[in-house]
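Asker: got a sequence here, can you model it:
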Amino acid sequence: MNFFERRKILKEVNYLDLIPVRMMESETLESGRVDVLLPRFKHPVLKKTLQPHWKPEHIRIHLDESGSLIWNSIDGLLSVRELCLFVEDVYPEKFTDPEETIKRVTQFLSLLYQERYISFRQIMKEEHAQ
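Answerer: I've put the predicted structure just below:
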């Protein structure tokens, strides 16, 4: 599915009703923070021929405390709205204004989506329907 088809689906749906789904592996560190593991090469042939043996297989994307909480909460069942409420419950002192919480969470999820670290269940259903 190309960019324009995905964008059309996203325009027809309220962003808060979307259900995010992780597309990348991750690792939780001892500190509780999360590293998203971005593969250096996705294609098996490229991976075998171009991956240096002394370098790790993945590039680590370090998330902060709030990002780690959101990432760990993405289970493919909670909507963006439910994630916002969860973040407000966990960090009531940090996220006091509901509108600000929605703005920050949706910006973070939009960035993850643009980088293809996550997708949304509604888009994935459309891809499988075609």
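Asker: could I get the full set of helices for this protein?
Answerer: 3-12, 44-50, 65-73, 80-90, 98-114, 121-129 (DSSP state H).
Asker: would you turn these into a markdown table with mean pLDDT, mean neighbour count and distance to Leu37?
Answerer: All C-beta atoms are positioned from the backbone trio N, CA, C, and that covers glycine. Shown next, in a markdown table, are the helices of the chain (pLDDT from 0 to 100; neighbours: other CB atoms under 10 Å; distance: least, CB to CB, whole Å):
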| stretch | mean pLDDT | mean neighbour count | distance to Leu37 |
| --- | --- | --- | --- |
| helix 3-12 | 71 | 12 | 23 |
| helix 44-50 | 64 | 10 | 14 |
| helix 65-73 | 93 | 18 | 12 |
| helix 80-90 | 93 | 17 | 21 |
| helix 98-114 | 92 | 16 | 14 |
| helix 121-129 | 67 | 13 | 20 |
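Asker: among those, which is nearest Ile19?
Answerer: Ile19 lies closest, by CB to CB, to one member of these: helix 121-129, at 4.1 Å.
Asker: a markdown table for the helices of the chain, including distance to Leu29?
Answerer: Output for the helices of the chain, formatted as a markdown table (distance: least, CB to CB, whole Å):
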| stretch | distance to Leu29 |
| --- | --- |
| helix 3-12 | 32 |
| helix 44-50 | 25 |
| helix 65-73 | 9 |
| helix 80-90 | 18 |
| helix 98-114 | 18 |
| helix 121-129 | 28 |
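Asker: how about these, which one is nearest Val34?
Answerer: Once the helices of the chain are compared by CB to CB, helix 65-73 is nearest, at 4.1 Å.
Asker: appreciated, that's everything.
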